[in-house]
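Chemist: Here's my sequence, what's the structure:
(chains A and B)
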Number of protein chains: 2
Amino acid sequence: MPTEIERKFLVVGDSWRRGATGTLFRQGYLCTDPERTVRVRLAVERGTMTIKGKTEGISRAEFEYPIPAAEAAEMLERLCLRPLIEKMRYRVEHAGTVWEIDEFFGDNEGLILAEVELQSPGAQFELPPWAGREVSDDPRYYNASLVRFPFSKWPKTAG
Amino acid sequence: MPTEIERKFLVVGDSWRRGATGTLFRQGYLCTDPERTVRVRLAVERGTMTIKGKTEGISRAEFEYPIPAAEAAEMLERLCLRPLIEKMRYRVEHAGTVWEIDEFFGDNEGLILAEVELQSPGAQFELPPWAGREVSDDPRYYNASLVRFPFSKWPKTAG
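Modeler: The predicted model follows:
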C-alpha cells in the first residue's frame, strides 16, 4: 500500500525565503472525514485527485491520480467544499533534505507550515533554523481541517 | 462538463433474464453527500473512481477516472463506507436501446433496478415489458443512498 510519512513544523521568520521560488496550489475537498479525505488539486496546469486514509501516528494510506486540469478546475469551482485552500508551495533544501513550505492565503492567511517526507517513521534529518514547533500530531493543521476550521477563525492564543 | 442523464425503473418479473449475461460489480463510497459523491468501483479487474455532483432533475455532473484494480480493491477493503454495494449488472437491449439492469446482493438483496442513459432529458425510448414503476426522482434508490439506508432495512410497505 502507498503510505505517506511526514513530519510537520510551524515556520519561524523569513530566512527560508532566500532563493525560494514557489508554485501556486489551489485545492479543495470532496470529503474531509478524517478516515477518508478526497482532495482535488490544481497546480501549474496539473490536476490531481488524492485519497488519504486515517492517520496512524505520522503515517497514512495515500492514493494519487492525475486528472485533466480543466476537470480539476471544474470540480474546485462546482463541487468542492468551501473554503478552498490556496497556498504557495516552496521547495527548500536544507542539509541534503528537501522541505516543502506552504504559505497559506485566503481564509488561512498567516499560516506557514513546513513538511518533510520521510522514508521511514524513524528516519533522521537535520532541523533547519526556521523550523519552529512541531505540529505533526495536531489535526488542526491538516489541510482538510483548515477547510472545516480555517486559521483566520482560530482563537488568538492558538497556533 | 460531462453530464449524466438517466431514467431509472423498478424491474418486474424475470423475462429480462433470457439471454442476459451479467458482470459482478463491487463498489463503495468515500463520500455519500448528495452534493458530491465519490465512488470506487471494481468490475472485471477494472478499477474506476467516479465523482458525481448534485442531481438536478435527471442530470448530474459526472467525472470518471480509471484506477489500478489493486488500489480500487484496497480502498474498498480499507477506506470505503459500509456496507459496500454488491450487484450483478446485466446489459439488455430492448427496441434498439441498451438498458443496464442491476440485481443487488448483500444488504440490498431483493432490489432490481433498470436504468437507461439518454442523450438529452427529453429523448424518446420504448418502455420494455419488465419495466415497472419509475424511480428516477426517488433519492432512496441512488446507490449512495443504499449505503446509508440499505434496501433490506426499508419498511415492508416501501419500494
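
Chemist: now the lengthiest helix in chain A: mean pLDDT?
Modeler: Identified as the longest helix of chain A according to DSSP state H is helix A:69-78. Average pLDDT, helix A:69-78: 97.

Chemist: tell me which parts of chain A are close to chain B?
Modeler: Within reach of chain B by C-beta under 8 Å from any C-beta of the partner chain, chain A has these residues: A:1-2, A:30-31, A:33, A:35-36, A:38, A:49, A:51, A:53, A:61, A:63, A:65, A:67, A:71, A:74-75, A:78-81. Quick note: C-beta positions are derived from backbone N, CA and C, even for glycine.

Chemist: Please name every helix or strand in contact with the longest helix of chain A.
Modeler: Identification of packing neighbours for helix A:69-78 by 3 or more C-beta pairs under 8 Å, 6 or more residues apart in numbering or on different chains; DSSP states H and E yields strand A:22-31, strand A:36-43, strand A:46-53, strand B:59-67.

Chemist: which stretch among these comes nearest A:Val12?
Modeler: For these, the distance to A:Val12 is smallest for strand A:22-31, at 18.1 Å, taking C-beta to C-beta.

Chemist: Distance from that closest one to the middle of the chain?
Modeler: Between the centre of strand A:22-31 and the centre of its chain there are 9 Å (C-alpha atoms, centre = their mean, to the nearest Å).

Chemist: From the contact counts, what lies against that strand?
Modeler: Looks like strand A:22-31 contacts strand A:36-43, helix A:69-78, strand A:85-94, helix A:143-148, strand B:22-31, strand B:36-43 (3+ C-beta pairs under 8 Å, 6+ apart).

Chemist: before we move on, the earlier item: the longest helix of chain A to strand A:46-53, inter-axis angle?
Modeler: Helix A:69-78 and strand A:46-53 are oriented at 60 degrees to each other (axes from the mean of the first three to the mean of the last three C-alpha atoms, to 10 degrees).

Chemist: Check the offset of helix A:69-78 from the chain's centre.
Modeler: In terms of C-alpha atoms, centre = their mean, the centre of helix A:69-78 is set 19 Å apart from its chain centre.

Chemist: By proximity to chain B, which residue of chain A wins?
Modeler: Nearest residue of chain A to chain B: A:Cys31, at 3.9 Å (C-beta to the nearest C-beta).

Chemist: pLDDT value on that residue, please?
Modeler: At A:Cys31, the model reports a pLDDT of 96.

Chemist: My guess is it contacts A:Val38. True?
Modeler: Yes: using C-beta atoms under 8 Å as the test, A:Cys31 is close enough to A:Val38 to be in contact (4.3 Å).

Chemist: Report the contact partners of A:Ile85.
Modeler: A:Phe25, A:Arg26, A:Gln27, A:Gly28, A:Phe104, A:Gly106, A:Asn108, A:Asn143, A:Leu146, A:Val147 (C-beta atoms under 8 Å, 6 or more residues apart in numbering or on different chains).

Chemist: burial count for the nearest residue to A:Ile112 once chain neighbours are set aside?
Modeler: Distance criterion C-beta to C-beta, 6 or more residues apart in numbering or on different chains; nearest residue to A:Ile112, sequence neighbours excluded, is A:Val11 at 4.1 Å. A count of neighbours around A:Val11, defined by other C-beta atoms under 10 Å in any protein chain shown, yields 23.

Chemist: A:Ser15 too?
Modeler: 10.

Chemist: One more: the one 5 residues further on?
Modeler: For A:Ala20, the neighbour count with other C-beta under 10 Å is 15.

Chemist: from the helices and strands packed on helix A:69-78, which stretch is densest packed?
Modeler: For those, the largest average neighbour count (mean count of other C-beta atoms under 10 Å in any protein chain shown) is found in strand A:36-43, namely a mean of 22.

Chemist: what angle sits between that one and strand A:85-94?
Modeler: Using the same axes, to 10 degrees: strand A:36-43 against strand A:85-94 is 80 degrees.

Chemist: and strand A:36-43, what does it pack onto?
Modeler: Using 3+ C-beta pairs under 8 Å, 6+ apart: strand A:36-43 touches strand A:22-31, strand A:46-53, helix A:69-78, helix A:143-148, strand B:22-31.

Chemist: All good on my end, thank you.
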